[in-house]
Structures are given as C-alpha cells and as structure tokens.
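**Q** Predicted model and sequence follow; I will ask about them next.
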Amino acid sequence: MSAPPPDSTAPARPASSLDQGALEIERKFLVTEPPANLHEYPSERILQGYLSLDPEGAEVRLRKRGYHTLLTIKQGHGLARAEEEFLIDGPRFDRLWAGTSGRRVEKTRYRVPTVDELTIEVDVFDGALSGLIVAEVEFVSEASATAFRPASWMRVDVTDDPRYGNARLALDGVPDRKSVGEHALLDGEPLAAGLIHVALAQVDAAADALQGRDAAPIEKAVHTSRKAFKRGRALVRVARDGLGSEVAERDNDAFREAGRKLSGARDAQVVVETLAALVERFPDDLADDRVGGLREVLIAEYARADVHARVDPGAVAEVLELLDGLRGDITTWHLGDEPADVLAQGFERIHKHGRKMLAATHSKHAADDLHTEEFHDLRKRAKDLWHAAELLEVAAPKRMRALATHAHELADHVGDDHDLAVLAGHVDQHADAFSDPADAEVLKAVIEQRRRKLQRKALKVAATIYDTKPTVLAERIRELGDR
C-alpha cells in the first residue's frame, strides 16, 4: 500500500516527562488489507532508532513524531510492558541518532477510531520494511484487552510474537515465510498465531482464485480452491482439542460446504483426465475405436459442468460469502494455555485414525481383492497427516518432511485408484457409448489391472507410515511450547 503524505500536525504527547513508570497494555495485529479509506484518518510520520537492545526486552529508543523528538525506555514483552518516555530537544536527538545506524524503523501511523471509543493505530512501514502493516490498540486494563474483538482486517494477533516488535523488525526485518510457504509454522512463531496465519492463507488462496486475481481458467481456480479447503479442514482437525468441538465443527463444516459447492466441474474434469491418462498408459488395449465414444460423452458432461460453474451467478458468490465468514471466525481461534500440547494431541489422533483405517482395509479384504470404500477413507486420513506434517515441520524438519512426502504419495496412489473406480462407474453408466460391448469389458479389465497395482503401492507406503507410533514426533511437537 502506498501511503499518502502524513499529517505532521497530528497531536503529539505533552511536552514534558511522559508516562513515567507507566504500564503499557496493548495488543498488536498483522494486517494484510487495511481499510480502503485509511488515508482519510489522521496520520503522522514516525522515525525510530534503537540505541540499546537487550534480549530480555529492555530497549532504549529514539523516536521522531512529526516535529517532536523523544527518548523512550521500555522493559518486557507481550501484552503489558513497562515504559518511560521523555521529550528531548532536536540537536540532542540528531547527535544520538547516529548511534542507531542499522537499527531503524520508518513508518506512517494512522489513527482509526472505534465505536467503543478506542483508537486503532495502523502502522504502514516503508524503507527496508516496506509492505508490512500492523495495527495496535492500547487499553486501560488487561481485562479490556482480552475482551477486545478486532475488526475483520486485523488478521493475526501477534501481541506475543517478539518478531513483530519494532526493535526486532529494526534488527531482523520482516519475518519471512518463503522458506516454508504458507503451509507451515515458522521457527519461533507463537503456535496459535502461526496456525491462524496458515488457515487464513488457505481462505485467501481460494478467494483469490475464485475472484480471478491470478487470471487462471475456471477449472484451475476450482482445483486450487478445493485443495485449500481440504487443507483448512486438516488444520481444524489438528487444533480441535484447543478450538473446542463447537468451533471445530462450525469451521470444518464451512470448509466442507465451500468445497461441495464447487465439486461439479472438477469431478467431471477428473473423469476426462483419468481416461486420457489410462489411454496413454495402455495405448494398445485402448485404441480410439474402442474408447472414443465414451471420451466424447465424458467431455460433453464436463463441458456442461464447466459452463454451469462459469455462468451460475450464485455458486461462486455463495462460496466467497462462506469464506468471508470463515475469515472472521478463524481470527478468533484460541488454543488454550498449552497450544503445543493441543497440536501434539491432534497430530497423534490423526496418525491413529490412519492406522485404524489401514487395519480395517487389511481385515475386510483378502490381499488380492480391490478396496474401494476403505481406500477412500484411507486417502482422507493420509491427506490429514500430510497437511499436519507440513504444518508442524518445524518440530522435526527432516522427519516431518519425510512423513509429509510419504503421506502425499499415499494420498496420490489412493486418489488415482479412486478416480479409476469412478471411471469404472461411468463405463457401466454409459454402456451405449461403446459400439461393441466387448470394448467396455476391455476397458474395465484395464482399469482393474491398474487399480490393483496402485493399491499394492499404496499399502506398501501406508505400512511405512503407520507401522510405528508417532510418540517421538508428538514429543518434539510438545517441545515447541518451550522454545
């Protein structure tokens, strides 16, 4: 966001010793899209530099606000901090400012009033921190701070995240998620805030795709959105013990409903792609004169579903409305006093469910039988484990990456198997698309052959994943609470 020229006449603090011995109680939020009319509110230019920084949270800071120059001493981290602040003259400020080289922050601060007579201070950073926007609200008591409900654009609560303190920003720059993308917690990141950040990223990815911000065709936008919804549901399952059953069920249902509203075009597309991949793998058995009629029928079904997805005026709008509600809900997520324990329990539960599903698959069928329902459930559990391992990679990077890779591989094998089972259903449904009934039987035989191979691969990978309990990894997750 490009900030307009600040109003340097915005009110400054009294010209005397300020807030001596005061306890500063405030909450801080990460902002990705500030109010569109932000420039209409009072603003001022702020320069900050740090003369001294201590790992325990003590800092000596110089600040220039408009024409006012100040020296501030702070102590502590988080919601409540001790603070003393003094006005100093311009020449003294200039002499001391040289000592802050390499430890400076530049920003424009906007003051946005709220209906409950609070003020939200929105800091739009520039210079080395360009692109970062945070919002802070100061309170008269910790009780009022806890009771505060942020606006929808105040995304992630980073009050307890020391990386978003101005001093750390001056030293280390903006926290960078590029190394892990938008799927994983960062090392040193408060767990609850990180979980919210990742969950909101899924909502944003889906909304951006559906609104055409990346100019992707509808089929790709639908695919991107549905993947984001599945990842969102996995995050809810990991955090369920902390969120509580009511919140978990509410948000899981919202992600699921959003996916269902977009299922038609994507499901039809998958069937077409599955047949094409099978023909490519078995060209001698599936010549065009044998499967061409079915291909034309499936392409026609996909075209109808695709057109429906494009022109239905309510489908995308309904999903975007669901996503708007999810944004607000996710920003209020809480994991309780022991978030690391919550995530460890969720991880163990997801792994346990996968083991049970694998056992059910083995017990209900002989080794040479085709699995359908059990494999479909195993796929869902594998995706949950894949996304959970990605989220929690920071607990044990090498082992979690390996687990995520294997779970992803398992989900792909079982997913391909499921797509073939759906294709087999279409073969029966469209028997009249074959000029010779024998051609349909050949196709079904090829489908079965391919499914058997995929299921053998899937069971082998599943054994690698589920033969051992996740006790050690769960303990490493719990250790995140001590970092």
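**A** Yep, that arrived.
**Q** Work out for me the element residue 412 sits within.
**A** helix 397-429 (DSSP states H and E).
**Q** What average pLDDT does that helix get?
**A** The pLDDT scores in helix 397-429 average 93.
**Q** Please point out which parts of that helix sit buried.
**A** Buried residues in helix 397-429, counting neighbours by 16 or more other Cβ atoms under 10 Å, are found at 400, 403-404, 406-421, 423-424, 426-427. Quick note: C-beta positions are derived from backbone N, CA and C, even for glycine.
**Q** is it true that residue 132 touches residue 126?
**A** No - counting by Cβ atoms under 8 Å, residue 132 stays clear of residue 126, with 9.0 Å between them.
**Q** between these two, which one's more packed in?
**A** Between residue 132 and residue 126, counting by other Cβ atoms under 10 Å, residue 132 is the more crowded of the two (19 against 16).
**Q** residues in contact with that one?
**A** Residue 132 is in contact with 125, 169, 174, counting by Cβ atoms under 8 Å, 6 or more residues apart in numbering.
**Q** how much space between the residue lying closest to residue 482 once chain neighbours are set aside and residue 477?
**A** Computed as Cβ to Cβ, 6 or more residues apart in numbering, the closest residue to residue 482 that is not its neighbour in sequence is residue 340, at 7.8 Å. Distance of residue 340 to residue 477, computed by Cβ to Cβ, to the nearest Å: 6 Å.
**Q** More neighbours: the two, which one.
**A** Neighbour count, other Cβ under 10 Å: between residue 340 and residue 477, residue 477 has more, with 29 against 19.
**Q** Distance check, residue 452 against residue 46.
**A** Separation of residue 452 from residue 46 (Cβ to Cβ) stands at 67 Å.
**Q** scratch that, residue 103
**A** Residue 103 sits 15 Å away from residue 46, going by Cβ to Cβ.
**Q** what's the answer for residue 451, then?
**A** 64 Å.
**Q** Just want to know which of those two has more residues nearby.
**A** Neighbours per residue, other Cβ under 10 Å: of residue 451 and residue 46, the larger number sits with residue 451, 22 against 19.
**Q** which residue is nearest the middle of this structure?
**A** Nearest residue to the geometric centre of the chain (Cα atoms, centre = their mean): residue 198, 2.3 Å.
**Q** Mind telling me what element that one is part of?
**A** In this structure, residue 198 sits in helix 191-210 according to DSSP H and E.
**Q** And for residue 52?
**A** strand 43-53.
**Q** Need the mean per-residue confidence for the following helix or strand past that strand.
**A** Next in sequence after strand 43-53, counting helices and strands by DSSP H and E, comes strand 59-65. Strand 59-65 shows a mean pLDDT of 91.
**Q** list the buried ones in the helix or strand just after strand 59-65?
**A** On the C-terminal side of strand 59-65, the closest following helix or strand by DSSP H and E is strand 68-75. For strand 68-75, a neighbour-count test (16+ other Cβ under 10 Å) marks 68, 69, 70, 71, 72, 73, 74 as buried.
**Q** Local confidence estimate at the closest residue to residue 333 other than its chain neighbours?
**A** Spatial nearest neighbour of residue 333, chain neighbours left out: residue 196 (5.5 Å); criterion: Cβ to Cβ, 6+ apart. In this prediction, residue 196 carries a pLDDT score of 91.
**Q** Residue 196 - how many residues pack around it?
**A** Neighbour count for residue 196, taken as other Cβ under 10 Å: 24.
**Q** Same check on residue 478?
**A** Burial of residue 478 is recorded as 18 neighbouring residues (other Cβ under 10 Å).
**Q** Could you do residue 475 as well?
**A** By other Cβ under 10 Å, the residues close to residue 475 number 12.
**Q** ok, the closest residue to it other than its chain neighbours - how many residues close by?
**A** Nearest non-adjacent residue to residue 475, counting by Cβ to Cβ, 6+ apart: residue 344, 7.4 Å away. Around residue 344 there are 26 other residues, counting by other Cβ under 10 Å.
**Q** tell me the least confident of the buried residues of strand 68-75?
**A** residue 74 (81).
**Q** From residue 460, how far out is that residue?
**A** In terms of Cβ to Cβ, residue 74 sits 57 Å off from residue 460.
**Q** Check residue 187 too.
**A** Distance, residue 187 to residue 460, by Cβ to Cβ: 33 Å.
**Q** all helices of the stretch 151-300 of the chain, in order?
**A** Using DSSP state H, counting those that start in this stretch, the helices of the stretch 151-300 of the chain run over residues 166-172, 191-210, 218-243, 245-261, 263-281, 288-311.
**Q** least reliable of these going by mean pLDDT?
**A** Sorting those by mean pLDDT places helix 288-311 lowest, at a mean of 78.
**Q** which other residues reach that helix?
**A** Contact with helix 288-311 is made by 218-219, 222, 262, 264-265, 267-269, 271-272, 275-276, 279, 315, 426-427, 430, 433-436, 439, 442-443, as judged by Cβ under 8 Å, 6+ apart.
**Q** Give me the next element, helix or strand, following it.
**A** Using DSSP H and E, the helix or strand that follows helix 288-311 in sequence is helix 315-330.
**Q** Could you check how far that following helix is from the centre of its chain?
**A** Helix 315-330 has its C-alpha centroid displaced from the chain centroid by 15 Å (Cα atoms, centre = their mean, to the nearest Å).
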